[in-house]
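Q: Whatever this is, show me its structure:
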Amino acid sequence: MKIAGRGTVFFGEAGTESSSACFPGVCALPGGRWVVTFRASPKKADAFPQHLMVTCSDDEGETWTKPVAPFSAPPVNGKPGVFRSGHPTALGGERLAAVLYWVDASDPSLPFFNEQTEGLLDSCIFAATSDDGGATWSEPWRIDTNPFNTPTPITGPILALPSGEWAVQFETNKTYYDTSMWHHASVLMISGDEGKTWPEYGVAAADPAARIFYWDQRPNVMADGSILNVFWTFDRREAVYLNMHACLSKDGGRTWSGLWDTGVPGQAGPPVQLADGRIALPYVDRERTPLIKLRVSADGARSWPDDTEVVLDDSSARAQQGKKATMQDAWTEMGKFSVGLPYSALLPGGDVLVVYYAGPQTNHTGVHWVRLRP
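A: Predicted coordinates for the structure are as follows:
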């Protein structure tokens, strides 16, 4: 694949309330509109105020609408909250869905992650829809994730399945002061009525021994209707990252194949299937200086040859992954990253659009895009 264009969606002024622009999401509408979401805040970690922003481009990334914050976070169980992140999904025509990650904001002094217990602030998932290409949105409604009644950070957009069903993706975490062992799982829940009810779910990956964390899952729907899922993989006992692992579902996320090692280290973005059947995978290589890269597989995501690699961003000047001794070290390290989280969308003509965040400092980052042509 070759880079066919690049640009910047948004870059905030340092020291302002939008200095840190990160956690992007993206989708492309059939008419050509690109819709991007991102979180804007004064700094990356534990920042207030923070807002989930939406911006659009109708000229293939040349210009972007002024970012707006269209979603108002309602209180949950009497507590005020914020939407920490969100992702858009194209539903056909000008229809969109957005998944929104609500986090308790009743005590801004508390960090998002409790390093003593490994718990998260109270959090849950909302959704909203738009019928006019993202210009206006419905009131957000809460998604029922029962039986997963602990903090459930989203890991990407709602998947619009060929069956007409929706699948929402999230991870399981612990409540803030829970001192028990953290049993992590990557989950997809399925709705047959456009998000009103979510009666079914499937666990894509979980280690019963709670040693290997298959986190930051990045599922996407392939041309045959199957869901390919790729994971940033962490060995808790050794405090090291392993190669990305992957698995496949052929029944809408209800059951999953066994996991396999992709042979590539890094933090994945969603895989995208090209018109010729090959699969493109954007990811972050943090082994040395962090790079946004993309590789291509011609054998159903089993191998990703070195000679298919394309570097999308090499702007960061210093390594951001180092030696760790504990899970707490891993979370601290993540909070300092100033480049990452690539998300992808297949454009109507067959090109691939990748958005990601990057900047000169942890608390001064912008959202950028790269267009790739097969």
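Q: Could you pull up the contacting residues of Glu165?
A: Taking C-beta atoms under 8 Å, 6 or more residues apart in numbering as the contact definition, Glu165 lies against Ile190, Ser191, Gly192, Gly252. To be clear about C-beta, it is placed using only N, CA and C from the backbone, and glycine gets the same treatment.
Q: quick one: low-confidence parts of the chain?
A: 316-337 (pLDDT under 70).
Q: Spell out for me which residue occupies the centre of it.
A: The C-alpha lying nearest the average C-alpha coordinate of the chain belongs to Gly156 (C-alpha atoms, centre = their mean; 3.8 Å).
Q: quick one: secondary structure of it?
A: Reducing the assignment at Gly156 to three states with DSSP: H, G, I helix; E, B strand; the rest coil gives coil.
Q: Who are the contact partners of it?
A: Listed by C-beta under 8 Å, 6+ apart, the contact partners of Gly156 are Gly25, His87, Gln169, Gln217, Arg218, Pro219, Pro270, Tyr343.
Q: Now tabulate these in TSV and tack on distance to Thr117 and secondary structure.
A: Output for the contacts of Gly156, formatted as TSV (distance: C-beta to C-beta, whole Å; DSSP: H, G, I helix; E, B strand; the rest coil):
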residue	distance to Thr117	secondary structure
Gly25	29	strand
His87	28	strand
Gln169	24	strand
Gln217	23	coil
Arg218	27	coil
Pro219	29	coil
Pro270	31	coil
Tyr343	30	strand
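Q: Pull the most distant pair out of the contacts of Glu165.
A: Farthest-apart pair in the contacts of Glu165 is Ser191 and Gly252; separation 10.7 Å (C-beta to C-beta).
Q: Bridged to Ser130, which residues?
A: The residues listed as beta-bridge partners of Ser130 by DSSP bridges are Leu96.
Q: Now do it: how many residues are near it, please.
A: Residues near Ser130, counting by other C-beta atoms under 10 Å, number 20.
Q: Then Pro75?
A: When neighbours are defined as other C-beta under 10 Å, Pro75 has 12 of them.
Q: what does Gly164 give?
A: The number of residues packed around Gly164, counting by other C-beta under 10 Å, is 11.
Q: Give me the three-state assignment for it.
A: Three states are possible here, and by three-state DSSP the one that applies to Gly164 is coil.
Q: residue contacts, the closest residue to it other than its chain neighbours?
A: Leaving out its chain neighbours, the residue that sits closest to Gly164 by C-beta to C-beta, 6 or more residues apart in numbering is Gly192, at 7.4 Å. By C-beta under 8 Å, 6+ apart, the contact set of Gly192 is Gly164, Glu165, Pro199.
Q: Also Tyr283?
A: By C-beta under 8 Å, 6+ apart, Tyr283 lies in contact with Met244, Val264, Gly266, Gln267, Ala268, Gly269, Ile292, Lys293, Leu294, Arg295, Pro342.
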